[in-house]
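*Asks:* Pasting the sequence and the predicted model now:
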Amino acid sequence: MKNIIIIILGFLLHIIPAHTGQVFAQEQQPDGPLYIVQEGDSLWDIAFRFGISLDSLANSNGITDAGQLSIGDELVIPGMEGIKGFLTTANVSYGETLRSLSRKHQIPEEMLMKLNRLTTSYELYVDRSLVILEPKINEGYLNRESLNPGQSLFEKAVSQNINPWSYIFDNNLSDTWNVLPGDVLRMVSAKEDGSVNISTIVSEPSAFPGTIAEIFIQPLPVVQGKTEVIRINSDIDLEINGSLLEQELVFFQEQGGEYIGIQGIHAMAQPGTYPLKLQISSSGSNNGSTSFSFSQPIYVKSGGYAFDPVLEVSPETIDPAVTRPEDAQWAALFSPITVEKLWDGPFGSPAPPDFADCWPSLFGNRRSYNGSPYEYFHTGLDFCGGIGTQIFAPAAGQVVFAGPLTVRGNATVINHGWGVYSAYMHQSEILVNIGEEVEPGQIIGLVGGTGRVTGPHLHWEIWAGSIQVDPMDWLENAYPDLDDQTPQETS
């Protein structure tokens, strides 16, 4: 009988499946939070998302083969002992602070700091993947509420016909005076049976005053050499100033109370965090004047640009005595900002159809001339084409420069408004004049081999906010109306 029992036990051990996080979590109740594997997850992705090593994650879950991972498995996340619940991640939007994130996700600030190994709030840069505990119920938020100058929390509660203790509990406040004017408060609506009244959910809390509906940046992540669009929505007239990567931001008002700024990110900007600073003021609103300043870091990623082979060019075209004054003259052409937006939709190709998809060199590629260090970058997009190939205006605009230069050869610059310009270099012939208004598809010049070249081609540049940006993006996107015009999900 004893032998039979041993045989049966051995058979059962043999058929029990290999350990997964799901079995571990349900049977042993580990002292740590869990993550449910989603479609598309890999062990490496999960380790990176939660800032832990691959070996640590595998060892904590008894995983010897990454192929064991299945959708729905519950994995223990090591290094967070004492924290219970299920983890997920959410990206940080512009305007979110430790306090607003705490209220939004109903997680104490100390817990958010611990979950994300934060030492300062400055580490909450825009688009950072933030580790959070999943809410126990599907909670939502009413319209944002904030204290007016001189208003107490009690007065605010009375004006909203709300028990002041509801504000205290829902916003993790220690008392009624732990709120400053301008603080945005979270308020959950509950039905008589205690459930959440989802139908009343309108928006999420943020650090902005109530006169500003939202501020967001697209596309994210921010990348070297790309064009960023900053949108500010408000129901009142605003005066906006700001800066990003030491470039002054200029905003233009659209219909419907939306303000738009377009800014290029330099292709040689060092990857890292940079503050996006905004100063916003208004007057004449029902709530009186508003003055608001906010700064939050944005992480700039590498563009991963390639290194071109060393180029041999005329020594004169890389002589600082020539290049420095010409570079200054060239950069000055792109500084003026005109308030009228002249283009509409994506830019067309400046090259004819036979050469529209032929690019000898892409924007951002690192370059060496005559054996120099790779301290240069390709400031535009090159198109194939022999001498005499036609060049077309990609969008409506006005010609602000047309003439010969030593490095850039015969060049043309078109102003499209809102700080956006396009430029055309190395032409054999210029067919437009300064001050001339051009239409999309109009012939403006002919391809040549003038200036610093190794052969005939068209060098095409796009400038946004006084910075050269990747022209390919302007061929593929309708700035500023990009496809995704909503803030990134943060919950």
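*Replies:* Perfect, I can see it now.

*Asks:* Beta-bridge partners for G445, please?
*Replies:* Note on G445: beta-bridge partners by DSSP bridges are I391, I430.

*Asks:* actually F401, not the one I wrote
*Replies:* V413.

*Asks:* and it, what does it touch?
*Replies:* 333, 411-413, 434 (CB atoms under 8 Å, 6 or more residues apart in numbering). Backbone N, C-alpha and C define where each C-beta goes, glycine included.

*Asks:* What values do phi and psi take at the residue nearest in space to the middle of the chain?
*Replies:* Per CA atoms, centre = their mean, the C-alpha nearest to the average position across the chain is that of L220, at 2.4 Å. Note on L220: its backbone torsions stand at phi -120, psi 140 [degrees, to the nearest 10].

*Asks:* isn't it right next to S129, touching?
*Replies:* No. Using CB atoms under 8 Å, L220 makes no contact with S129, being 11.3 Å away.

*Asks:* Mind listing the shared neighbours of those two?
*Replies:* Shared contacts of L220 and S129, defined by CB under 8 Å, 6+ apart, comprise N91.

*Asks:* Please enumerate the helices of this structure.
*Replies:* Counting by DSSP state H, one finds helices in the chain at the ranges 2-15, 21-28, 43-49, 54-60, 98-105, 109-115, 153-159, 164-170, 320-332, 471-476.

*Asks:* What are the buried residues along the last one?
*Replies:* By neighbour count with 16 or more other CB atoms under 10 Å, helix 471-476 contains the buried residues 471, 473-475.

*Asks:* Just the buried ones from the contacts of F401, in ChimeraX syntax?
*Replies:* Buried subset of those, written as a ChimeraX selection, criterion 16+ other CB under 10 Å:
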select :333,411,412,413
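
*Asks:* of all the contacts of F401, which two lie farthest apart?
*Replies:* The largest separation in those, counting by CB to CB, is between A411 and I434 at 11.8 Å.

*Asks:* Touching both of those two, which residues are there?
*Replies:* Residues touching both A411 and I434 (CB under 8 Å, 6+ apart) are 401-402.

*Asks:* For G448, grab the count of nearby residues.
*Replies:* By the measure other CB atoms under 10 Å, the count of residues near G448 is 24.

*Asks:* so what pLDDT did the nearest residue to it once chain neighbours are set aside get?
*Replies:* In space, G448 comes closest to S428 once its chain neighbours are excluded; the distance is 2.8 Å by CB to CB, 6 or more residues apart in numbering. Confidence at S428, expressed as pLDDT, is 98.

*Asks:* Any figure for the gap between S428 and G385?
*Replies:* 10 Å (CB to CB, to the nearest Å).

*Asks:* So between those two, which is more surrounded?
*Replies:* For S428 versus G385, the count of surrounding residues by other CB under 10 Å is larger for G385: 22 against 18.

*Asks:* so what's that one up against?
*Replies:* Contacts of G385 (CB under 8 Å, 6+ apart): 351-352, 355, 358, 447, 456-458.

*Asks:* of those residues, buried ones?
*Replies:* Buried subset of the contacts of G385 (neighbour count, 16+ other CB under 10 Å): 351, 355, 447, 456-458.

*Asks:* Pick out the most distant pair among the residues you listed.
*Replies:* A351 and P456 (12.6 Å).

*Asks:* Could you count how many residues lie near G345?
*Replies:* 11.

*Asks:* Look up the pLDDT of it for me, please.
*Replies:* On pLDDT, G345 comes in at 91.

*Asks:* re earlier: taking the contacts of G385 one by one, which sit in strands?
*Replies:* 447, 458 (DSSP state E).

*Asks:* Can you add distance to Q398 and give the contacts of G385 back as TSV?
*Replies:* Formatted as TSV, those follow (distance: CB to CB, whole Å):
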residue	distance to Q398
A351	22
P352	23
F355	26
C358	29
V447	22
P456	27
H457	25
L458	20
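
*Asks:* re the thing from before, could I get the buried ones among the contacts of G385 as a markdown table with distance to P480?
*Replies:* Below are the buried ones among the contacts of G385 laid out as a markdown table (distance: CB to CB, whole Å):
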| residue | distance to P480 |
| --- | --- |
| A351 | 24 |
| F355 | 28 |
| V447 | 30 |
| P456 | 34 |
| H457 | 30 |
| L458 | 26 |
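
*Asks:* can you give me the strands in the stretch 251-400 of the chain?
*Replies:* All strands of the stretch 251-400 of the chain, identified by DSSP state E, counting those that start in this stretch, fall at 251-254, 258-264, 272-285, 288-301, 366-367, 376-377, 381-383, 390-392, 397-405.
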